[in-house]
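> Using only what follows, build the 3D model:
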Amino acid sequence: MWIKRLELRNFRNYDSLQLFDLSPRVNILVGQNAQGKTNVVEAMLLLSVGKSHRTNKDAEMIRFEADFATLQAVIERQERAYRLDLTLLPKGKKSAVNGVEKRKMSDFVGHLNVVLFAPEDLQLIKGGPQQRRRFLDVEIGQVSPQYLYNLTQYQKVLLQRNSLLKEIGQRKVGEEMLMIWDDQLAVYGSKVIRKRLEFVERLEGFAKEIHMRISGGKEALSFHYQNSLDCSDLTRMEEIYREELTAKRKVDILRGSTSVGPHRDDLEVRIDERKVQTFGSQGQQRTASLSMKLAEIELIKAEVGEYPVLLLDDVLSELDEERQLHLVKSMGEKVQTIVTTTTTFGLEHFLSEEANVYRVERGIIAKEG
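Residues are numbered from 1 along each chain as shown. Prediction:
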């Protein structure tokens, strides 16, 4: 699949942007910092997963003094063209596919698949559990609308339960209502955990092989999903979930928050059975992060039958020459690649006859040549 055309209006620093001639291979956006390169990548990610990697507030992405922002893309997948429309409003989004409005974002997400590799992704291993949970949620959500639905329902129930816990702690209400929220939390939470476990197992299969190549066959990469329920029996997960919620009820009331569930879980990454987060060198952490990102691409291909679009947002300068080479070789001619950078120096491997180069300055993009 590939993005043929992108149009933005009132998005970030773009009053109006039209990119009609994107290459199905390589597109390089060149410009100084704060000119709008990353805004283009952010727009493509929004059209894919419905969320930004930079903010949780839609209003922040609407151009100053504008009432709304619109994003439109024409994509091609499986030899068929789709038009994706997304409107950002101060209090929500509207989406449509081929002119047909979608009532839920989960019905919009997944028409375009992308893998974003940004500098912060090099901190995927070293960063906190929240960063790795978000990685799982975004990537699973692209290939499983049902997962997005279950996750959204879980988050809504979790907010309700936490609110009730605070009221109980303040002696405003009794504990009777907790049972209702516990039941719903166990239902949706169990579905989220099961899908994460399945995804991690499949991702590990691809990442092991990729990491073995990058490390020259010297290191073995493995993933371990850290389940706060401490449950290995998937058939009894809902039951064990309810038991855990009951067992931790007094602690939860005291804290005013829920102490078990997928919102507390983590993905542990190991090299030769040693935890990379704790014992890995900076080079090992970056190699593991790169392996995970490249594995995403192969997993999406296996799930949907086509390679996703790869977004490289100012990340090549963060990688040494050896890791750059592995990234480029791994891509080959398989995926449409969007690269943002401040200079084309060192990008000779991308500057082929099939590469488009664009200059970005103050929200204006012009194609070179």
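> Can I take it that residue 149 is in a helix?
Yes. Secondary structure of residue 149 (DSSP: H, G, I helix; E, B strand; the rest coil): part of a helix.
> Hmm, residue 109 and it touching each other?
No. Counting by CB atoms under 8 Å, residue 149 does not reach residue 109; the two are 10.3 Å apart. (Glycine included, C-beta is placed from N, CA and C.)
> and the top helix by length along the chain, how far from the chain's centre?
Longest helix in the chain, counting residues (DSSP state H): helix 178-214. Helix 178-214 sits 15 Å away from the centroid of its parent chain (CA atoms, centre = their mean, to the nearest Å).
> following it, which helix or strand shows up next?
Under the assignment DSSP states H and E, the closest C-terminal helix or strand after helix 178-214 is strand 221-226.
> Burial check on the residue lying closest to residue 336 once chain neighbours are set aside, number of neighbours?
Using CB to CB, 6 or more residues apart in numbering and skipping the chain neighbours, the partner closest in space to residue 336 is residue 2 (3.9 Å). Other residues near residue 2 number 20, with proximity taken as other CB atoms under 10 Å.
> Residue 149 and residue 109: which has the busier surroundings?
residue 109 (23 against 17).
> Next one, pLDDT for residue 53 please.
Here the pLDDT value assigned to residue 53 is 89.
> Quick check: phi and psi at it.
In terms of degrees, to the nearest 10, the main-chain angles of residue 53 are phi -90, psi 0.
> Test my guess that it contacts residue 45.
Yes. Using CB under 8 Å, residue 53 is in contact with residue 45, at 6.0 Å.
> Can you work out which residues contact both of the two?
residue 116 (CB atoms under 8 Å, 6 or more residues apart in numbering).
> So what pairs up with residue 76 in the strands?
For residue 76, the beta-bridge partners are residue 2, residue 81 (DSSP bridges).
> Could you pull up the residues touching it?
Residue 76 neighbours (CB under 8 Å, 6+ apart): 1-2, 4, 24, 82.
> May I ask which of those residues has the most neighbours?
Ranked by neighbour count (other CB under 10 Å), these have residue 1 at the top, with 22 neighbours.
> What sits closest to it if chain neighbours are left out?
residue 77 (3.6 Å).
> Just the helices from the protein, written as ranges.
Ranges of helices in the chain, per DSSP H, are 37-49, 105-108, 129-143, 145-169, 178-214, 237-247, 249-255, 276-279, 282-304, 321-331.
> Now do the second one: distance to the chain's middle.
This points to helix 105-108. 15 Å.
> now for it, which elements pack on it?
Contacts defined by 3 or more CB pairs under 8 Å, 6 or more residues apart in numbering; DSSP states H and E place helix 105-108 against strand 92-97, helix 145-169.
> got a list of contacts for the longest one?
Right, helix 145-169. By CB under 8 Å, 6+ apart, helix 145-169 touches 104-107, 109-110, 137, 140-141, 173-175, 177-178, 181-182, 184-185, 188-189, 191-192, 195, 252-258, 261-263.
> List buried residues within those residues.
105-107, 109-110, 137, 140-141, 178, 181-182, 184-185, 188-189, 191-192, 195, 252-253, 258, 261-263 (16 or more other CB atoms under 10 Å).
> The spatially closest residue to residue 328 that is not a sequence neighbour - how many residues pack around it?
Closest residue in space to residue 328, ignoring its immediate chain neighbours: residue 349 at 5.1 Å, by CB to CB, 6+ apart. Look at residue 349: counted by other CB under 10 Å, it has 15 neighbours.
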